[in-house]
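Student: Need coordinates for the below:
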Amino acid sequence: MRGPDTPAKALDARALAALAANPGCKRRAILDGAGVNKAALAGALGSPSAFGQSQFALTRGNAFETKVKADGGAELLRLVHERLDPAAPPPAGAAVPDLSAIGPEGRTARTALALREAAAAAAEAADAGGAGGWTLLGHPMIALDVAGSPAFLEPDAVVVHPDGSWTVVEIKSFPMLDGAADPAKVGAAARQAAVYVLALEEVAARLEPAPRVRHRVLLVCPKDFSNLPTASAVDVRKQRAVTRRQLARLTRIQEIADALPDGVCFSPELPAEQLTQAVEAVPAAYAPECLAACELAFHCRDRSRAAGAVTSLGRSVRAELGGLSTVEDVLAAARGEAGDPRDPAVAALRRAAELRREALGSMCP
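Tutor: Purely as a prediction, here's the structure:
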């Protein structure tokens with residue numbers, strides 16, 4: 001599907017999290033399942049992607065992460081202890097294993113070994129009637145099986161608690177103002193962290209006994225408008241469940257492929273007209289949120305607007321309109337030209353149109 005000479009693009013945590021953000025999009029599912037480079041595809045379609053972080057945001061984020069992890073991660077471990085495990089011994093003199101190795105496979109094996117050693121040390125301490133120590137893994141490499149192939153993921157940090165349980169830490173550069181951050185950004189961070197939790201659960205399942213992977217992750221952000229770190233515990237059980245369902249759906253990608261025309265191909269080397277036909281053969285579920293998560297968002301937005309689809313107005317609007325799927329249908333229902341008056345959506349639209357006419361009429365001399 002991606003072309004005979006086009007290498008597969010490996011999925012990362014952001015791509016897997018984006019799948020969970022829009023579970024109804026068959027287009028994204030099949031393109032990701034086939035390893036298609038969606039950025040190159042968007043450029044070939046004439047709607048180049050602006051998706052991704054700016055260089056300034058990357059530099060700022062790296063500087064903040066370095067500050068959080070300074071001094072052996074003392075401040076980071078203090079936040080984990082304070083927000084997630086206050087009953088445990090304070091994290092003094094935590095272990096910070098070296099995870100360097102050659103290639104992603106080597107780093108993955110080295111990370112698994114470090115996690116196993118930390119879990120074993122915690123178990124030995126518990127058997128001796130004492131408490132284990134803290135372990136901080138900075139930028140570990142973990143693998144998650146995606147449609148039969150490993151996706152190599154790199155969380156900001158993983159902390160092993162004295163009881164042997166594991167916590168994912170996400171470090172972001174967006175601020176927490178008065179203890180709260182932008183809900184959309186927190187949601188994106190939670191979906192990304194849920195991918196790491198799933199990958200860690202696969203690592204834990206290979207150990208005996210299996211360590212507990214905590215479903216509350218730590219989100220670390222700058223406090224207010226300063227560069228001082230603060231943190232919040234985020235429960236990712238819902239995001240984890242959605243992501244797991246999406247990954248299972250990728251293993252059944254053949255069901256979507258069977259409905260496509262024979263010989264369909266998404267190679268960016270194809271003529272634009274042929275490529276457009278191939279992409280349009282797969283149903284999409286565009287929503288404005290796609291602009292922050294998918295390289296094909298601009299192409300899908302243009303098509304959605306051209307078709308007059310109400311999904312271009314947002315998922316919440318689409319949900320309120322019931323069976324009215326186009327802007328033309330909505331306007332006809334509001335004018336009383338179409339639609340069942342017993343339908344709550346139609347009745348609400350006609351009432352809103354009536355109130356609008358009254359309001360505009362009162363403004364006329």
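Student: got the residue ranges for the helices in the stretch 151-300 of the chain?
Tutor: All helices of the stretch 151-300 of the chain, identified by DSSP state H, counting those that start in this stretch, fall at 183-205, 237-250, 253-257, 272-280, 297-306.
Student: And the contacts of stretch 210-219?
Tutor: With contacts defined as CB atoms under 8 Å, 6 or more residues apart in numbering, stretch 210-219 is touched by 79-80, 83-84, 115, 119, 122, 159-161, 163-170, 172, 181, 186, 189-190, 193, 196-197, 200-201, 204, 231-237, 240. Yep, even glycine has a C-beta here, placed from its N, CA and C like the rest.
Student: Flag every buried residue along that stretch.
Tutor: Neighbour-count burial for stretch 210-219 flags 211, 213, 214, 215, 216, 217, 218, 219 (criterion: 16 or more other CB atoms under 10 Å).
Student: any idea how far the first one is from residue 95?
Tutor: Plainly put, residue 211 is 15 Å away from residue 95 if you go by CB to CB, to the nearest Å.
Student: low-confidence ranges in the protein?
Tutor: Residue ranges of the chain with pLDDT under 70: 50-54, 147-148, 250-254, 362-365.
Student: and stretch 234-243, which residues are buried?
Tutor: 234, 236, 239, 240, 242, 243.
Student: residues in contact with the nearest residue to the fifth one once chain neighbours are set aside?
Tutor: In this case it means residue 242. Nearest non-adjacent residue to residue 242, counting by CB to CB, 6 or more residues apart in numbering: residue 20, 4.5 Å away. Under the criterion of CB under 8 Å, 6+ apart, the contact partners of residue 20 comprise 191, 194, 195, 239, 242, 243, 246.
Student: quick check: angle from the helix ranked longest in the chain to helix 183-205?
Tutor: Longest helix of the chain, by residue count under DSSP state H: helix 103-127. Computed by axes from the mean of the first three to the mean of the last three CA atoms, to 10 degrees, the angle separating helix 103-127 from helix 183-205 equals 70 degrees.
Student: Show me what helix 103-127 is packed against.
Tutor: strand 135-138, strand 142-146, strand 149-153, strand 157-160, helix 183-205 (3 or more CB pairs under 8 Å, 6 or more residues apart in numbering; DSSP states H and E).
Student: Let me have these in a markdown table, extended by distance to residue 336 and mean neighbour count.
Tutor: Listed next are the helices and strands packed on helix 103-127 as a markdown table, based on distance: least, CB to CB, whole Å; neighbours: other CB atoms under 10 Å:
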| stretch | distance to residue 336 | mean neighbour count |
| --- | --- | --- |
| strand 135-138 | 63 | 23 |
| strand 142-146 | 50 | 21 |
| strand 149-153 | 53 | 18 |
| strand 157-160 | 59 | 25 |
| helix 183-205 | 37 | 21 |
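Student: now these as CSV including distance to residue 279?
Tutor: What follows is the helices and strands packed on helix 103-127, written out as CSV (distance: least, CB to CB, whole Å):
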stretch, distance to residue 279
strand 135-138, 40
strand 142-146, 22
strand 149-153, 23
strand 157-160, 38
helix 183-205, 25
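Student: Of those, give the one that comes closest to residue 341.
Tutor: helix 183-205 (36.5 Å; CB to CB).
Student: Settle this for me: residue 47 is touching residue 299, isn't it.
Tutor: Yes - here residue 47 reaches residue 299: they are 3.9 Å apart, a contact under CB atoms under 8 Å.
Student: so what's the residue nearest to residue 95 when sequence neighbours are not counted bridging to?
Tutor: Once flanking residues are discounted, residue 95 sits nearest to residue 135: 4.5 Å by CB to CB, 6+ apart. Beta-bridge pairing of residue 135 under DSSP bridges involves residue 95, residue 160.
Student: Tell me who's in contact with residue 135.
Tutor: Residue 135 neighbours (CB under 8 Å, 6+ apart): 94, 95, 96, 97, 114, 118, 121, 159, 160.
Student: Please report the distance of the residue nearest to residue 305 when sequence neighbours are not counted from residue 285.
Tutor: Nearest non-adjacent residue to residue 305, counting by CB to CB, 6+ apart: residue 312, 5.3 Å away. Relative to residue 285, residue 312 is positioned 11 Å away (CB to CB).
Student: Neighbours of residue 39, how many?
Tutor: 16 (other CB atoms under 10 Å).
Student: My guess is it contacts residue 294. True?
Tutor: No - checked against CB under 8 Å, the pair residue 39 and residue 294 is beyond contact range at 10.1 Å.
Student: still on that earlier bit, gap between the residue nearest to residue 95 and residue 2?
Tutor: 40 Å.
Student: Residue 126 touches residue 165, doesn't it?
Tutor: No - in this structure, residue 126 is not within contact of residue 165 by CB under 8 Å, at 11.6 Å.
Student: Please identify which of these two sits among more neighbours.
Tutor: Shown here are residue 126 and residue 165; by other CB under 10 Å, residue 165 has more neighbours (18 against 14).
Student: Setting aside sequence neighbours, what's the nearest residue to the more buried one?
Tutor: residue 212 is the one closest to residue 165 (CB to CB, 6+ apart), at 4.2 Å.
Student: Now do the one you found against residue 196, distance only.
Tutor: According to CB to CB, residue 212 and residue 196 sit 15 Å apart.
Student: The closest residue to residue 343 other than its chain neighbours: what's it in contact with?
Tutor: Nearest non-adjacent residue to residue 343, counting by CB to CB, 6+ apart: residue 322, 6.4 Å away. Residue 322 is in contact with 343, 344, 345, counting by CB under 8 Å, 6+ apart.
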